[in-house]
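S.K.: give me a model of this one.
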Amino acid sequence: MRKKIYDILPPTEVGRIEAIEEEPEEVEIEVKEELAFKKQKFKQPRKPLGKGVLFSILLIVIAGVIAGIYFLTDTKVELVVHPKINNIQEEKRVVVALSDDFQAVEGSERFVLMGKVLTDEQSYTDQVAATGSAEGGSQAKGKIRILNNSSGTVLLVATTRFLGTNGKIYRVPQPVEVPAMKGTEPGSVEVEVVAEEPGEDYNISSSTFTLPGLKDHGSPLYDSMKAETVAAISGGAKGTGLAVSDNDIAGAEGKFKQQKAGEVKNSLMSSLSDDYVLLEKATRQEVTSFVVSAKKGDRVDRFDVSGKMKTTVIAVKKEDIKRMISSMSGVEEGDNFGYEIKDIDVKELGDKDGNKEMTLFVSADYYGCEGNEDLVGKVLEKSKAGAIAELAKDDRIEKVEIRINPSWKDSISNKKENVTVKVVGLGN
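M.R.: From the prediction side, this is the model:
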């Protein structure tokens, strides 16, 4: 109700004014009651949320956590590249430089390999069984001790005779030096003797011996020189017996060359550091001496051989071999490159100005593909499938595997430091 304002109140309105003046009290009371009512409504407790609402909130929280893990977890990627393997077979004229200050001749087409030459000479001894045969049987052999009761050293020539108590003659095959007596003790030396003829009659278990040659010449040493068996003299027989054959001698020499050749070469190889490779076909070996203690037809069970072999090998730097094959195959600098030598044959070998000039026939397997930095650049910010498709465009690559960690991710980050490359190819 709108209030009326009067300047002068008419009498008829006096009663109404009184009523209006009383109204504020009633209105005030009503307002207080209303406010009290409103307060009471505000203090009423809220109703609890339903289970469906709580479950929805939980799902939202979990989804947020998963999303955070997905986007905040660093992705690690390994590219496993299997390049195509190719083969090259080509002749190459090279010079093996044997000094660090080597200067290539201007305009020379020879490829320079830094290298070294190693030489070694080793001795060899062996005892070989005779396999041949000869009529007339075999001669008995054994050891005797020669005694010298004189005051001077006595020299006996090869084939000096010794007469046994059985009446048989035995001879020393080599010259012998018998020392003089010391004090009351006779000088002595042990030597091998061989029966003068084949036959079982020359086999004796023990005997003493005189030197009939001294007696024949009337030497006073005859009474001073004696001998006795050290062990039984045996092996004498009549008829066909073992003897040295041509094959025995040739086989002994062949065995010497084969065995010693490998030993000397292995010895030289073991002295090389890991950054060198041996040019095996450039190895040169020479027999400087070979001595056989018997000749064809000698009736002996075994004979001795001895010899010396000189070996020269050429070794070159592995990095230069790699550089040569890289040049031959056309692989660019900075690319991933590997090789495996199948064979290096030496067609020509000569000396010039203290270095080695040669023509090599090289057979090698190799691979070459883009370098790691270029490979990584092609896969950044791509899906796994997209990265594989991109790398498959390079016809030098056979196959690509992409390993992503964590495994539930399927894309590659834009951080190149998180991507590594492993090339699975040849051993070099």
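S.K.: which positions within the lengthiest strand in the chain qualify as buried?
M.R.: If you go by DSSP state E, the chain has its longest strand at strand 111-129. The neighbour-count check on strand 111-129 (16 or more other Cβ atoms under 10 Å) flags 111, 112, 113, 115, 118, 124, 128 as buried. (Glycine included, C-beta is placed from N, CA and C.)
S.K.: ok, stretch 290-308 next?
M.R.: Quick answer for stretch 290-308 (16+ other Cβ under 10 Å): 290, 292, 293, 294, 298, 299, 300, 303, 305, 307, 308.
S.K.: what's the most distant pair in those residues?
M.R.: 299 and 308 (28.7 Å; Cβ to Cβ).
S.K.: list just the nearest of the buried residues of strand 111-129 to residue 337.
M.R.: Nearest to residue 337 among the buried residues of strand 111-129, with distances taken as Cβ to Cβ, is residue 111, at 16.8 Å.
S.K.: ok, that closest one to residue 360 distance?
M.R.: To residue 360, residue 111 is 9 Å away according to Cβ to Cβ, to the nearest Å.
S.K.: mutual contacts of the two, please.
M.R.: Contact with both residue 111 and residue 360 is made by residues 92, 93, 94, according to Cβ atoms under 8 Å, 6 or more residues apart in numbering.
S.K.: that older thread, lowest pLDDT pick from the buried residues of strand 111-129?
M.R.: Ranked by pLDDT, those bottom out at residue 124, which has 87.
S.K.: contacts only, for that one.
M.R.: 256, 259, 260, 305, 306, 307, 308, 309.
S.K.: quick one: the helices in the chain?
M.R.: Remark: helices assigned in the chain by DSSP state H are 14-42, 51-72, 212-216, 246-270, 318-329, 372-379, 384-391.
S.K.: lowest average pLDDT across the ones you listed?
M.R.: helix 14-42 - the lowest mean pLDDT of those, at a mean of 48.
S.K.: the residue nearest the centre of the chain and residue 315, how far apart?
M.R.: In the chain, the residue lying closest to the centroid (Cα atoms, centre = their mean) is residue 274, at 8.9 Å. For residue 274, the distance to residue 315 equals 11 Å [Cβ to Cβ].
S.K.: shared neighbours, the two?
M.R.: Joint contacts of residue 274 and residue 315 (Cβ under 8 Å, 6+ apart) do not exist.
S.K.: can you tell me how far residue 158 is from residue 143?
M.R.: In terms of Cβ to Cβ, residue 158 sits 16 Å off from residue 143.
S.K.: how about residue 240?
M.R.: The value you get for residue 240 to residue 143, if Cβ to Cβ is used, is 26 Å.
S.K.: same check, this time on residue 185
M.R.: 20 Å.
S.K.: show me which of the two is the more surrounded one.
M.R.: residue 143 (13 against 9; other Cβ atoms under 10 Å).
S.K.: would you agree the more buried one is in contact with residue 227?
M.R.: No - using Cβ atoms under 8 Å, residue 143 is not in contact with residue 227, being 10.3 Å away.
S.K.: outline the domain layout of the protein.
M.R.: 11-42, 136-239 (automatic domain parsing).
S.K.: which one, of those, ends up nearest to residue 264?
M.R.: Per Cβ to Cβ, nearest to residue 264 of the domains of the chain: domain 136-239, 30.2 Å.
S.K.: so what's the gap between that closest one and the chain middle?
M.R.: Distance of domain 136-239 from the chain centroid (Cα atoms, centre = their mean, to the nearest Å) equals 58 Å.
S.K.: give me the distance between the two termini of it.
M.R.: End-to-end distance of domain 136-239 (Cα to Cα, to the nearest Å): 5 Å.
S.K.: what's the answer for stretch 91-103, then?
M.R.: 23 Å.
S.K.: would you mark the buried spots in stretch 266-282?
M.R.: Quick answer for stretch 266-282 (16+ other Cβ under 10 Å): 268, 276, 277, 278, 279, 282.
S.K.: distance across that stretch, terminal residue to terminal residue?
M.R.: 15 Å.
S.K.: and it, how far out from the chain middle?
M.R.: 12 Å.
S.K.: tell me where the model's unsure across the chain.
M.R.: 1-55, 58, 61-73, 106-107, 427-428 (pLDDT under 70).
S.K.: from what I see, residue 87 and residue 367 are in contact.
M.R.: No - Residue 87 is beyond contact range of residue 367, at 10.5 Å (criterion: Cβ under 8 Å).
S.K.: who has more neighbours, those two?
M.R.: residue 367 (26 against 11).
S.K.: make JSON lines out of the domains of the chain and add distance to residue 412.
M.R.: Below are these laid out as JSON lines (distance: least, Cβ to Cβ, whole Å):
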{"stretch": "domain 11-42", "distance to residue 412": "59"}
{"stretch": "domain 136-239", "distance to residue 412": "85"}
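S.K.: can you tell me which of those is most buried?
M.R.: domain 136-239 (a mean of 17; mean count of other Cβ atoms under 10 Å).
S.K.: burial count for residue 132?
M.R.: Around residue 132 there are 18 residues (other Cβ under 10 Å).
S.K.: also residue 381?
M.R.: The burial count for residue 381: 11, using other Cβ under 10 Å.
S.K.: for it, give me its contacts.
M.R.: By Cβ under 8 Å, 6+ apart, the neighbours of residue 381 are 411, 412, 413, 414.
S.K.: which single one of those residues is nearest to residue 204?
M.R.: Using Cβ to Cβ, the contacts of residue 381 come closest to residue 204 at residue 412, 94.9 Å.
S.K.: am I right that the closest one is in contact with residue 384?
M.R.: Yes - in this structure residue 412 lies within contact range of residue 384 using Cβ under 8 Å: 7.3 Å.
S.K.: higher neighbour count, the two?
M.R.: The neighbour count for residue 412 versus residue 384, taken as other Cβ under 10 Å, is higher for residue 412 (24 against 16).
S.K.: for the more buried one, give its distance to residue 397.
M.R.: 17 Å.
S.K.: for residue 197, which non-adjacent residue is spatially closest?
M.R.: residue 139 (6.9 Å; Cβ to Cβ, 6 or more residues apart in numbering).
S.K.: pretty sure the one you found is touching residue 193, no?
M.R.: No - applying Cβ under 8 Å, one finds residue 139 not in contact with residue 193, separated by 10.0 Å.
S.K.: give the contact list for residue 77.
M.R.: Contacts of residue 77 by Cβ under 8 Å, 6+ apart are 379, 402, 403, 404, 405, 412, 413, 418, 419, 420.
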